[in-house]
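Q: Sequence and predicted model, in that order:
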Amino acid sequence: MNINAFLNSILLPLQLHFSMTKQDTIYTLQFWLLCASSVLFMASFNMILAELPHYLDSIGGQDYKGLIIGLFAIAALLSRPFSGKLADTIGRIPVMIIGPVVCIVLGVLYPLTTTISGFLLLRFFHGFSTGFKPTGTTAYLADIVPASKRGEAMGILGVAGSIGMAAGPAMGSFIATSYSLNLMFWMSSVVAGMSILVLMGMKETLPSTVKFNPNLLLIHPRDVIEYDVWLPSLVMLLTVYSFGTILTVTPDFSDYLGISNRGIFFSIMLSASIAVRLVSGKASDRLGRANVLLFGTLCLALAMVILGLTDSKFWFYIGATVFGIAAGVNSPTIFAWTADLANVNSRGKAMSTMFIALEAGIVLGSVLGAFFYDNQIEQLKYAYWFGGLLALVAFLVVLIRKLKT
């Protein structure tokens with residue numbers, strides 16, 4: 001054996017090893033930039049959320065507070081087919097940029113708005129920001145992460161988004177109370193601009209892009225739903241329904257239990273969700289999406305049963321913890337499952353389909369939860385238990401899928 005052959009026998013396996021390691025890792029610069037952009041974007045539009053009811057009061061809109069979330073969610077849902085189609089044509093990064101651009105413009109316009117109708121119109125258009133950025137983000141993530149690591153990647157991305165969601169309201173309220181509401185709105189625009197600056201350092205992952213033209217905004221029925229991902233989308237709708245219910249009725253339950261800070265429940269829930277996301281996504285990579293979802297859907301059903309039965313602060317907080325665990329398990333696993341099933345040429349549409357299911361579930365949970373509750377505390381348990389029932393339906397859907405494969 002000559003010296004070249006000897007060296008090749010040593011170096012070639014090492015080159016293959018490092019090549020495979022690089023290919024299989026998720027911890028690339030592009031991944032961390034994507035996470036950083038998500039933190040900033042989520043912080044931007046959540047910065048103003050806690051102060052919007054007070055702002056609406058100041059312009060005489062006390063009776064329209066329910067539309068703060070409702071209009072936002074409806075606009076996000078309506079924008080999904082557009083964001084999915086554009087992500088698969090003009091590229092992931094342009095679609096991700098649209099979301100922060102909307103936040104920048106509206107952050108400037110909110111302080112100039114003095115009428116209720118104007119405020120509600122801005123709130124509707126603000127929803128388009130979340131209709132675009134997350135669709136492009138999840139499609140981009142599916143492009144850059146190997147299939148064997150998607151659950152782990154979705155979990156970490158979810159933690160990044162949750163950090164932004166948690167930090168945003170705290171930052172916004174501090175600025176509003178220490179300085180002014182106007183400065184809070186302007187700073188939300190600044191943070192959104194920082195999200196765009198991060199995106200500028202990223203490379204487009206769509207292999208072949210087309211130049212934008214208005215015809216791309218013509219949506220056909222085939223552009224709305226990606227049928228390859230109907231099953232994870234159904235599971236998402238069934239599970240996220242409970243979140244819509246909790247958003248709507250739990251603040252009143254906090255009042256009934258004598259908890260002055262209505263945000264404690266959501267803080268506990270979010271903390272549990274963040275902690276679990278760090279491990280649940282990786283678990284779904286190793287154990288399989290179905291096995292992890294069977295656990296997550298049962299946790300969700302248990303949480304809703306606990307909340308329906310409780311009449312004490314202790315069990316109320318236990319319910320928040322279990323719910324947070326369920327959300328932390330289900331969300332990254334369902335998104336990874338969606339990426340697994342999505343056709344490589346229509347990942348944007350697949351992710352938009354998933355988000356349509358998510359927003360539809362939240363809206364249904366909010367509307368039906370309020371219907372079951374009917375502002376009568378003794379009926380609150382039925383609102384929670386119906387969500388638990390749908391979680392059990394999701395469990396059966398996943399179990400049937402698992403048994404068939």
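A: Structure received. Residues are numbered from 1 along each chain as shown.
Q: All the helices of the stretch 51-200 of the chain, residue numbers only.
A: Taking DSSP state H, counting those that start in this stretch to define them, one finds helices in the stretch 51-200 of the chain at 52-58, 67-87, 92-109, 116-144, 150-178, 181-199.
Q: now the ones you listed as CSV including distance to S267, mean pLDDT and mean neighbour count?
A: Using the backbone N, CA and C atoms, a C-beta is placed for each residue, glycine as well. Formatted as CSV, the helices of the stretch 51-200 of the chain follow (distance: least, Cβ to Cβ, whole Å; pLDDT from 0 to 100; neighbours: other Cβ atoms under 10 Å):
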stretch, distance to S267, mean pLDDT, mean neighbour count
helix 52-58, 18, 78, 15
helix 67-87, 18, 86, 22
helix 92-109, 24, 94, 23
helix 116-144, 21, 91, 23
helix 150-178, 8, 88, 21
helix 181-199, 21, 95, 20
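Q: can I see the domain layout of the chain?
A: What automatic domain parsing lists as the domains of the chain is 28-206, 222-405.
Q: what pLDDT, on average, does the last one get?
A: Going back to what we said before, that points to domain 222-405. With pLDDT averaged residue by residue, domain 222-405 scores 91.
Q: Work out the gap between that domain and the centre of the chain.
A: The gap between where domain 222-405 is centred and where its chain is centred comes out at 12 Å by Cα atoms, centre = their mean, to the nearest Å.
Q: do the first one as well
A: Offset of domain 28-206 from its chain centre (Cα atoms, centre = their mean): 11 Å.
Q: Could you tell me the end-to-end distance of it?
A: 17 Å (Cα to Cα, to the nearest Å).
Q: Turn the helices of the stretch 51-200 of the chain into CSV, columns for distance to V367.
A: CSV is the format used below for the helices of the stretch 51-200 of the chain (distance: least, Cβ to Cβ, whole Å):
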stretch, distance to V367
helix 52-58, 20
helix 67-87, 9
helix 92-109, 26
helix 116-144, 17
helix 150-178, 23
helix 181-199, 28
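Q: do you know which of those lies nearest P221?
A: For P221, the closest of the helices of the stretch 51-200 of the chain is helix 67-87, at 9.5 Å, according to Cβ to Cβ.
Q: Mind giving me the packing neighbours of the closest one?
A: Using 3 or more Cβ pairs under 8 Å, 6 or more residues apart in numbering; DSSP states H and E, the elements in contact with helix 67-87 are helix 52-58, helix 92-109, helix 116-144, helix 347-373.
Q: Contacts for the shortest one next, please.
A: Put plainly, it is helix 52-58. With Cβ atoms under 8 Å, 6 or more residues apart in numbering as the test, helix 52-58 has contacts from Q62, Y64, K65, I68, Y110, I116, F119, R123, L181.
Q: Which of the residues you listed sits closest to R262?
A: K65 (13.5 Å).
Q: If I look at that closest one, what pLDDT would I see?
A: 67.
Q: for P214, same thing?
A: 89.
Q: And it, its phi and psi?
A: Main-chain torsions, P214, degrees, to the nearest 10: phi -60, psi -20.
Q: now the one 4 residues further on
A: Backbone dihedrals for L218, given as degrees, to the nearest 10, come out at phi -80, psi 110.
Q: neighbours of it, just the number please.
A: By other Cβ atoms under 10 Å, 9 other residues sit near L218.
Q: Just the pLDDT for it.
A: 89.
Q: where's the nearest residue to F355 once chain neighbours are set aside relative to P134, distance?
A: In space, and not counting its chain neighbours, F355 is closest to R80: 5.2 Å by Cβ to Cβ, 6 or more residues apart in numbering. Using Cβ to Cβ, to the nearest Å, R80 is found at 10 Å from P134.
Q: Overlap in contacts, these two.
A: By Cβ under 8 Å, 6+ apart, the residues touching both R80 and P134 are F355.
Q: list the contacts for the nearest residue to C103 once chain neighbours are set aside?
A: Using Cβ to Cβ, 6+ apart and skipping residues adjacent in sequence, the residue nearest C103 is A192, 3.7 Å away. Applying Cβ under 8 Å, 6+ apart, we find A192 in contact with L40, F41, S44, F45, P100, V101, C103, I104, G107.
Q: What count of nearby residues applies to the closest residue to G258 other than its chain neighbours?
A: Nearest residue to G258 in three dimensions, chain neighbours excluded: K313, at 7.6 Å (Cβ to Cβ, 6+ apart). Neighbours of K313 under the rule other Cβ under 10 Å: 14.
Q: For T338, pull up the helix or strand it's in.
A: Assigned by DSSP states H and E, T338 belongs to helix 313-341.
Q: So for that helix, what gets flagged as buried?
A: 316-341 (16 or more other Cβ atoms under 10 Å).
Q: mind putting the helices and strands packed on helix 67-87 in TSV, distance to L34 included?
A: TSV is the format used below for the helices and strands packed on helix 67-87 (distance: least, Cβ to Cβ, whole Å):
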stretch	distance to L34
helix 52-58	28
helix 92-109	9
helix 116-144	6
helix 347-373	14
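Q: out of these, nearest to I175?
A: That would be helix 92-109 among the helices and strands packed on helix 67-87, by Cβ to Cβ, at 12.0 Å.
Q: so what's W337 up against?
A: Taking Cβ under 8 Å, 6+ apart, one finds P232, S284, R289, L293 in contact with W337.
Q: make it 6 Å
A: W337 sits next to P232, R289 when contact means Cβ atoms under 6 Å, 6 or more residues apart in numbering.
Q: Distance check, it against V276.
A: Taking Cβ to Cβ, one finds W337 at 17 Å from V276.
Q: quick one on the thing from earlier: C35 is nearest to which of the helices of the stretch 51-200 of the chain?
A: Counting by Cβ to Cβ, and looking across all of the helices of the stretch 51-200 of the chain, nearest comes helix 150-178 at 4.0 Å.
Q: so what does that closest one touch, helix or strand wise?
A: Applying 3 or more Cβ pairs under 6 Å, 6 or more residues apart in numbering; DSSP states H and E, we find helix 150-178 packed against helix 29-47, helix 181-199, helix 263-287, helix 313-341.
Q: could I get those as TSV with distance to K211?
A: Shown next, in TSV, are the helices and strands packed on helix 150-178 (distance: least, Cβ to Cβ, whole Å):
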stretch	distance to K211
helix 29-47	24
helix 181-199	19
helix 263-287	36
helix 313-341	27
